[in-house]
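Student: Task: produce atomic coordinates for the following.
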Amino acid sequence: MAMGFDLTPLYRSTVGFDRLFDMLQQAARAEGMGSWPPYNIEKTGEDEYRISMAVAGFGESEIQVVQQGNTLVVSGQKHPEPEGVEVLHRGIATRSFKQSFNLADHVKVLAANLENGLLTIEMKREVPEALKPRRIEIATGGQKAIRQDNAAQPQIGIAKAA
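Tutor: Below you'll find the model as predicted:
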């Protein structure tokens, strides 16, 4: 099943996030999951993303958003109809759903909000300092490179005669 949106422009404007978009697209194609409920994946900042899902008819207590490792699972289960209610026409979907999204490394879910039938999930990629690139000084000619460790260096001095 073809997806309703094209992520090609996002590939051109991001470096290092190709895996995130590939995994999100694969998840949408798997087992017809891209069909219902409809959703958008948006890049809202340099390292910020949003998934918006149209879940009209579902209440906050009927939806679960769970992140475990690099997997985000959004599922919905409607409560049974109240006793004595006979539905003559059902135009609002009430079927259960489960959407799985594979997230790139270091992507964390910050918040989920349900308003006017739209579930929004805010995410951010937070790379730990230890994994961020660092600049390495290059020595020139006969100079020795300055060591970047924090080990104490022995002090060499000349003793003065008293």
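Student: Looking at strand pairing, list the partners for residue 111.
Tutor: residue 122 (DSSP bridges).
Student: how close does it sit to residue 135?
Tutor: 34 Å (C-beta to C-beta, to the nearest Å). (C-beta placed from N, C-alpha, C; glycine too.)
Student: These two - which one has more neighbours?
Tutor: residue 111 (11 against 5; other C-beta atoms under 10 Å).
Student: If I look at the more buried one, what pLDDT would I see?
Tutor: For residue 111, the model assigns a pLDDT of 93.
Student: doesn't residue 119 make contact with it?
Tutor: No: assessed by C-beta atoms under 8 Å, residue 111 is found out of contact with residue 119, at 11.1 Å.
Student: mind saving the C-alpha coords of the helix or strand where residue 75 lies as PDB?
Tutor: Residue 75 belongs to strand 71-76 when assigned by DSSP states H and E. The C-alpha coordinates for strand 71-76 follow below in PDB (Å, rounded to 0.1, in the frame of the first residue of the first chain):
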ATOM      1  CA  THR A  71      10.200   1.200  19.400                       C
ATOM      2  CA  LEU A  72       7.200   3.400  19.900                       C
ATOM      3  CA  VAL A  73       3.800   1.700  20.100                       C
ATOM      4  CA  VAL A  74       0.600   3.600  19.900                       C
ATOM      5  CA  SER A  75      -2.600   1.500  20.500                       C
ATOM      6  CA  GLY A  76      -6.200   2.200  21.000                       C
END
